[in-house]
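Engineer: Here's my sequence, what's the structure:
(one chain, ligands or ions: 1)
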Amino acid sequence: MKVTVVGAGAVGASCAEYIAIKNFASEVVLLDIKEGYAEGKAMDLMQTASLNGFDTKITGVTNDYSKTANSDIAVITSGIPRKPGMTREELIGINAGIVKTVSANLVEHSPNVTLIIVSNPMDTMTYLVHKTTSLPKHKIIGMGGALDSARFKYRLAEALEAPISDVDGMVIGGHSDTGMVPLTSHATRNSIRVSEFLSDDRLEQVAADTKVGGATLTKLLGTSAWYAPGAAVSGLVQAIACDQKKIFPCSTLLEGEYDLNDICIGVPVVLGKNGIEKIVDIPLSDAEKAKMQESAAGVKKTNGLLEL
Ligand SMILES: O=C(O)C[C@H](O)C(=O)O
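Structural biologist: I've put the predicted structure just below:
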């Protein structure tokens, strides 16, 4: 199993590290445009192999896509991160051109690759990859919901004063400060609905804190987060590589599901060796349906800025 990670910045390197530590891939190629940078990160990570007990071979390359040839899965983290006070949508001008070039190069050298898009604004970048590559829709996956759901579970556990392993919950919709739809009515603590433990006001606060999860970290760190994004990507890569058939919310092209068309947005999907193997249509309340439509309108507005 060969995995390429494009972009050796904090998110790309953290993603490569988690993939290696989970020890399911034979090879990870880290690619960056900055001369020697990916090579350095790869060497540093390889020097943790004996300490962390993994056999994954990590190599770094400077912008040489021939070294990514025949990748099974490739992750695109390239582009610029946002600064405090910015929205993800503001990155479209720079990141769209980068994601278009990177995805074309990856597909040229690995025509059967499954792509995972992390660069922001992620739902729009995922749509761009659909519009500009020949890959089938099940091989184009946007990573946002897995991360947002992890942040939702963190906030739920905090409110419940419970261990995170007791908590389950999912965030669908667009990966944006206003577009996320945390499914509070579906969230559980050990199979019991969290509404049995938390007031409506507290649950609303949990949802609000979840939606600005990335912005909160960007303010604290001066740039966007990397550990949870890297871990979330590694979870998707592992589900595909190991044919786990796990359900994650991912951004995928919708053709009628959730009453949406011609848009990539986060919905629950089954991930296995074929990439997205199924879109799971779950029943939503009227309020959740309305939020999903509102979220989709925001994503479509950003998609409208693409020069296709
Ligand atoms: O918040 C960001 O800009 C980066 C990423 O989308 C995140 O949610 O951490």
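Engineer: what about Ser195, distance to the ligand?
Structural biologist: 26 Å (C-beta to the nearest ligand atom, to the nearest Å). Where you see a C-beta, it was placed from the backbone N, CA and C, and this is true even at glycine.
Engineer: Surely that residue is within a strand?
Structural biologist: No: counting by DSSP: H, G, I helix; E, B strand; the rest coil, Ser195 is not part of a strand but helix.
Engineer: what's the burial count for it?
Structural biologist: Per other C-beta atoms under 10 Å, the neighbour tally for Ser195 reads 14.
Engineer: Could you check which helix or strand contains the nearest residue to it once chain neighbours are set aside?
Structural biologist: Excluding its sequence neighbours, the residue lying closest to Ser195 (C-beta to C-beta, 6 or more residues apart in numbering) is Leu203, at 6.6 Å. Element membership of Leu203, judged by DSSP states H and E, is helix 200-211.
Engineer: on contacts alone, who are the packing partners of that helix?
Structural biologist: If contacts are counted by 3 or more C-beta pairs under 8 Å, 6 or more residues apart in numbering; DSSP states H and E, helix 200-211 sits against helix 145-160, strand 180-182.
Engineer: Can you spell out which helices and strands pack onto the following helix or strand past it?
Structural biologist: Going down the chain from helix 200-211, the next helix or strand is helix 213-221, by DSSP H and E. If you count contacts as 3+ C-beta pairs under 8 Å, 6+ apart, helix 213-221 packs onto helix 145-160.
Engineer: Quick one: residues contacting the residue nearest to Ser195.
Structural biologist: Ala159, Thr184, Val194, Ser195 (C-beta atoms under 8 Å, 6 or more residues apart in numbering).
Engineer: Before we move on, what's the pLDDT of it?
Structural biologist: Leu203 carries a pLDDT value of 98.
Engineer: what's the spacing between it and Pro81?
Structural biologist: 30 Å (C-beta to C-beta, to the nearest Å).
Engineer: hang on, the earlier thing: I'd like the contacts of Leu203 written out as a markdown table, with distance to Thr4 added.
Structural biologist: A markdown table is the format used below for the contacts of Leu203 (distance: C-beta to C-beta, whole Å):
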| residue | distance to Thr4 |
| --- | --- |
| Ala159 | 39 |
| Thr184 | 37 |
| Val194 | 39 |
| Ser195 | 43 |
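Engineer: Filter those down to the buried ones.
Structural biologist: Neighbour counting with 16 or more other C-beta atoms under 10 Å marks Ala159, Thr184, Val194 as buried within those.
Engineer: Kindly indicate which of those residues lies nearest Ile282.
Structural biologist: Thr184 (13.8 Å; C-beta to C-beta).
Engineer: my guess is the closest one meets Gln205, correct?
Structural biologist: No: using C-beta atoms under 8 Å, Thr184 is not in contact with Gln205, being 10.5 Å away.
Engineer: Let me know whether the lengthiest strand in the chain sits next to the ligand.
Structural biologist: Longest strand in the chain, counting residues (DSSP state E): strand 261-272. No: using C-beta under 6 Å from any ligand atom, strand 261-272 stays clear of the ligand, with a minimum separation of 11.9 Å.
Engineer: Would you mind listing what in the chain touches the ligand?
Structural biologist: Proximity of the chain to the ligand (C-beta under 6 Å from any ligand atom) is limited to residues Pro81, Arg82, Arg88, Asn120, Leu147, Gly214, Thr218, Ser224, Ala225, Pro229.
Engineer: I'd like to know which of these are part of helices.
Structural biologist: Leu147, Gly214, Thr218, Pro229 (DSSP state H).
Engineer: For the nearest residue to Leu260 once chain neighbours are set aside, give me phi and psi.
Structural biologist: The spatially closest residue to Leu260, leaving aside those adjacent along the chain, is Leu254, at 4.4 Å (C-beta to C-beta, 6+ apart). Phi and psi for Leu254, reported as degrees, to the nearest 10, are phi -100, psi 140.
Engineer: Just list the residues touching Leu254, thanks.
Structural biologist: If you count contacts by C-beta under 8 Å, 6+ apart, then Leu254 has Leu260, Asn261, Asp262, Ile263, Cys264, Ile265, Val267, Ile279 around it.
Engineer: Filter those residues down to the buried ones, ChimeraX style.
Structural biologist: For the buried members of these, the matching ChimeraX selection, counting by 16+ other C-beta under 10 Å, is:
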select :260,263,264,265,267,279
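Engineer: so is Thr59 in a helix, a strand, or just coil?
Structural biologist: Thr59, by the three-state scheme (three-state DSSP), is strand.
Engineer: Pairing partners for it in the sheet, please.
Structural biologist: Val29 (DSSP bridges).
Engineer: right, and it touches Leu31 too?
Structural biologist: No: counting by C-beta under 8 Å, Thr59 does not reach Leu31; the two are 9.5 Å apart.
Engineer: neighbour count winner among these two?
Structural biologist: Neighbours per residue, other C-beta under 10 Å: of Thr59 and Leu31, the larger number sits with Leu31, 27 against 15.
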